[in-house]
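J.: need a structure here:
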Amino acid sequence: MKNRTAKRFFGRCMIDSNIRPKVTLRNSHNIYLGAKSSIGDKSRIIATERVEIGDGVLMAPEVVILTENHRIATKAKILDSGTEKKSVTIGDDVWIGTRAIILPGADIPDGCIVAAGAVVPGKTYPAYSVIGGVPAKVIRQRRYE
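T.: Reported below is the predicted structural model:
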């Protein structure tokens, strides 16, 4: 997608961003895409709340980012429990592997790597960490040079 065109649809789309083919975006006006960042082939971003993607973010194919999820009430039927909306923040210089799922409220700070297939719940992780698993947890810290 040409950057000029993207700027009309996104909350912000900086220079040299790359949106690969067959991407699904809902409420793209809530998506803020940093410079030199990419959204991988067949990725899906459902942005009922703000999705902040920093500079230099590498997003592999088929990544899913959600800002809305069903509430789980103990006595109500799931259908009647409503939804909960939370923003997602992805810092600068982050690499998100294929088929990772980023859930509402996730805060992935600068320099993190999200392993392929990880399910990242709505919490904050330490900067420069490798995150993976279901649910995702810190596997190790990476050295930033």
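
J.: pLDDT weak spots in this protein?
T.: Along the chain, segments meeting pLDDT under 70 span 1-8, 144-145.

J.: quick one, helices of it?
T.: Counting by DSSP state H, the chain has these helices, from start to end: 3-9.

J.: most distant residue from the centre of it?
T.: Checked against the mean C-alpha position of the chain, the extreme residue using CA atoms, centre = their mean is Lys75, at a distance of 31.4 Å.

J.: and stretch 17-29, what's buried?
T.: The neighbour-count check on stretch 17-29 (16 or more other CB atoms under 10 Å) flags 17, 19, 23, 25, 27-28 as buried. Glycine gets a C-beta too; all of them are placed from N, C-alpha and C.

J.: these two touch, right, Asp55 and Ser37?
T.: Yes - checked against CB atoms under 8 Å, the pair Asp55 and Ser37 is within contact range at 6.3 Å.

J.: overlap in contacts, those two.
T.: By the contact definition CB atoms under 8 Å, 6 or more residues apart in numbering, Asp55 and Ser37 are jointly contacted by Met14.

J.: more neighbours, the two?
T.: Comparing Asp55 with Ser37 by neighbour count (other CB atoms under 10 Å), the higher total belongs to Ser37, at 23 against 17.

J.: right, and the more buried one touches Arg20 too?
T.: No - shown here, Ser37 and Arg20 do not form a contact pair, counting by CB under 8 Å, at 11.6 Å.

J.: grab the CA positions of stretch 51-71 and hand them over as PDB.
T.: Output in PDB follows, covering the C-alpha atoms of stretch 51-71 (Å, rounded to 0.1, in the frame of the first residue of the first chain):
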ATOM      1  CA  VAL A  51      -3.000   0.000  18.500                       C
ATOM      2  CA  GLU A  52       0.300   1.800  18.700                       C
ATOM      3  CA  ILE A  53       3.100   0.100  16.600                       C
ATOM      4  CA  GLY A  54       6.500   1.700  17.100                       C
ATOM      5  CA  ASP A  55       9.300   2.300  14.700                       C
ATOM      6  CA  GLY A  56      11.200  -0.600  13.100                       C
ATOM      7  CA  VAL A  57       8.700  -3.200  14.000                       C
ATOM      8  CA  LEU A  58       8.900  -6.500  11.900                       C
ATOM      9  CA  MET A  59       5.600  -8.300  11.900                       C
ATOM     10  CA  ALA A  60       5.700 -11.800  10.200                       C
ATOM     11  CA  PRO A  61       2.800 -13.300   8.300                       C
ATOM     12  CA  GLU A  62      -0.600 -14.100   9.900                       C
ATOM     13  CA  VAL A  63      -0.100 -12.100  13.100                       C
ATOM     14  CA  VAL A  64      -3.300 -11.300  14.900                       C
ATOM     15  CA  ILE A  65      -3.700  -8.200  17.200                       C
ATOM     16  CA  LEU A  66      -7.000  -7.800  19.100                       C
ATOM     17  CA  THR A  67      -8.200  -4.900  21.300                       C
ATOM     18  CA  GLU A  68     -11.500  -6.500  22.200                       C
ATOM     19  CA  ASN A  69     -12.400  -9.800  23.900                       C
ATOM     20  CA  HIS A  70     -15.400 -11.400  25.600                       C
ATOM     21  CA  ARG A  71     -15.800 -10.900  29.300                       C
END
